[in-house]
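Q: give me a model of this one.
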Amino acid sequence: MDGIISTNLHTLSDAARISYIALNGTSAFLTIPPNNSAAISVFTNPWTLTAINIKPTIQGTRAVYNTISFVLVLIEDFFFLATLNGLYVQFKIFLKIAPGRIILVRDFISLTFTMVSALVNSAAIWAFKANWNVTGGQWALTWLTLWLYAHANFLIFDTFTIWIPLQFVSMALVTWIVVNITSIVFPFSVMSPFYRWGYALPTHAAYEILTDIWSGGCNPHLSYALPVLFAYEVVGLILTSIGAYKRCHNAVIVDETTKEAMRLQVEAALKAERRHSSLAGQESHEKRARRTHTGESSHTTEDAGTLDQSNDATEDEEDLEELEDVDTRIERMRSRASALSNIGPAFRLIGSDD
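A: Predicted structure coming up:
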């Protein structure tokens, strides 16, 4: 990017010099003393561009700082969220613990994890800084910035899994990662004005803060970068707190639905068993009756047998329709419970049977 800007500036300077000589060259040349080499040099080259580096920084490839470091934070947040959700599902936390306590514990755990994550990421940057002239105070500010950025993105991911339908969560997460990383690859000053909505993204705000820290104040954009990050943090805390109540409510509904489905299954099984026992007893009673009334006519016996078979067929059809109705209700309950129990990405624990 520095090469592109430098090349364009040199092109502009050359075009301006040619235009200046074309407009003022004839009149200016007549006033130049013939033996004054300095004046002739100024006439042929009226100005030169000089690069002044207000803050020399000796560091590695820029992609390490504006791409890899932020991608690692986003990936860590995703896998941590999936692990945390898996634990909550495995131990049925949303069903057993009050929402207020869940909010406090979940925020404490996420703050602790993102603090350690930011510590490791900032330490990795400092471990390979070589001759880069940065201080311990700048490292501490880098750590705090990455911590705020990591926790804000964790809350954003959690908000996506709470309020976005499950089938769209993966698309939302990938889109969020892509648009955030692309917002810091190129400066907005050399891009189309359309892309300047990226100023509202947390990754761009975090990178602006980091460049201000690393340059010692040569990139003073804290007036909007810090408010953007804190806004994501506050909004994320509010939405995830409301989402904890939503998840607890859904967990209660899922538990009640599961119990109701189990009750219907048990009732259907008991009814079928009673029906089977009744038919078996009726058949044995008829057999004894036939043995007792052996003197009756065969025509009467055939009519009675036909009537009994017709009644049995009608009752069987009614039982079958009732069982199908129960199965349909149970399937609807299971579908509803499955939709409500999905809390986004969740890793199943090793050895879990669920």
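Q: averaged pLDDT, stretch 91-106. What do you get?
A: In this model, stretch 91-106 carries a mean pLDDT of 94.
Q: how long is that stretch from one end to the other?
A: Distance across stretch 91-106, first residue to last, is 14 Å (Cα to Cα, to the nearest Å).
Q: I'd like the numbering to begin with 55 instead of 1 from here.
A: Sure, I'll start numbering at 55, so the last one becomes stretch 145-160.
Q: quick one: it to chain centroid distance?
A: If you compare the mean C-alpha spot of stretch 145-160 with that of the full chain, they lie 21 Å apart, counting by Cα atoms, centre = their mean, to the nearest Å.
Q: show me where the stretch 155-304 of the chain dips below the pLDDT cut-off.
A: Across the stretch 155-304 of the chain, nothing is flagged by pLDDT under 70.
Q: please enumerate the helices of it.
A: 190-217, 220-236, 256-268, 276-346 (DSSP state H, counting those that start in this stretch).
Q: most neighbours per residue, which of the ones you listed?
A: helix 256-268 (a mean of 23; mean count of other Cβ atoms under 10 Å). C-beta here means a position set from N, CA and C on the backbone, and glycine is covered the same way.
Q: that helix packs against which elements?
A: helix 123-144, helix 190-217, helix 220-236, helix 276-346 (3 or more Cβ pairs under 8 Å, 6 or more residues apart in numbering; DSSP states H and E).
Q: distance to residue 250 for the helices of the stretch 155-304 of the chain - can I get that in JSON lines?
A: Below are the helices of the stretch 155-304 of the chain laid out as JSON lines (distance: least, Cβ to Cβ, whole Å):
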{"stretch": "helix 190-217", "distance to residue 250": "20"}
{"stretch": "helix 220-236", "distance to residue 250": "13"}
{"stretch": "helix 256-268", "distance to residue 250": "10"}
{"stretch": "helix 276-346", "distance to residue 250": "12"}
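Q: tell me how this structure divides into domains.
A: Following automatic domain parsing, one finds the domains of the chain at 56-98, 116-300, 311-395.
Q: for the second one, what is the distance to the chain centroid?
A: Put plainly, it is domain 116-300. With Cα atoms, centre = their mean, you get 11 Å for domain 116-300.
Q: so the residue nearest to residue 291 when sequence neighbours are not counted versus residue 286, what's the distance?
A: Excluding its sequence neighbours, the residue lying closest to residue 291 (Cβ to Cβ, 6 or more residues apart in numbering) is residue 209, at 6.3 Å. Distance of residue 209 to residue 286, given as Cβ to Cβ, to the nearest Å: 7 Å.
Q: need the overlap of contacts for the two.
A: Shared contacts of residue 209 and residue 286, defined by Cβ atoms under 8 Å, 6 or more residues apart in numbering, are absent.
Q: quick revisit: wait, what's in contact with the residue nearest to residue 291?
A: Residue 209 sits next to 164, 286, 287, 290, 291, 293, 294 when contact means Cβ under 8 Å, 6+ apart.
Q: and it, how far from residue 284?
A: To residue 284, residue 209 is 12 Å away according to Cβ to Cβ.
Q: please apply the same query to residue 143.
A: Between residue 143 and residue 284 the computed distance is 31 Å (Cβ to Cβ).
Q: stretch 86-96: end-to-end distance?
A: End-to-end distance for stretch 86-96, by Cα to Cα: 10 Å.
Q: pLDDT of it, averaged?
A: 73.
Q: off-centre distance for it?
A: Computed by Cα atoms, centre = their mean, the chain-centroid distance of stretch 86-96 equals 68 Å.
Q: ok, now which ones touch the spatially closest residue to residue 301 that is not a sequence neighbour?
A: Leaving aside its sequence neighbours, residue 301 sits nearest to residue 148 (Cβ to Cβ, 6+ apart; 4.8 Å). Shown in contact with residue 148 (Cβ under 8 Å, 6+ apart): 142, 156, 298, 301, 302, 304, 305, 397.
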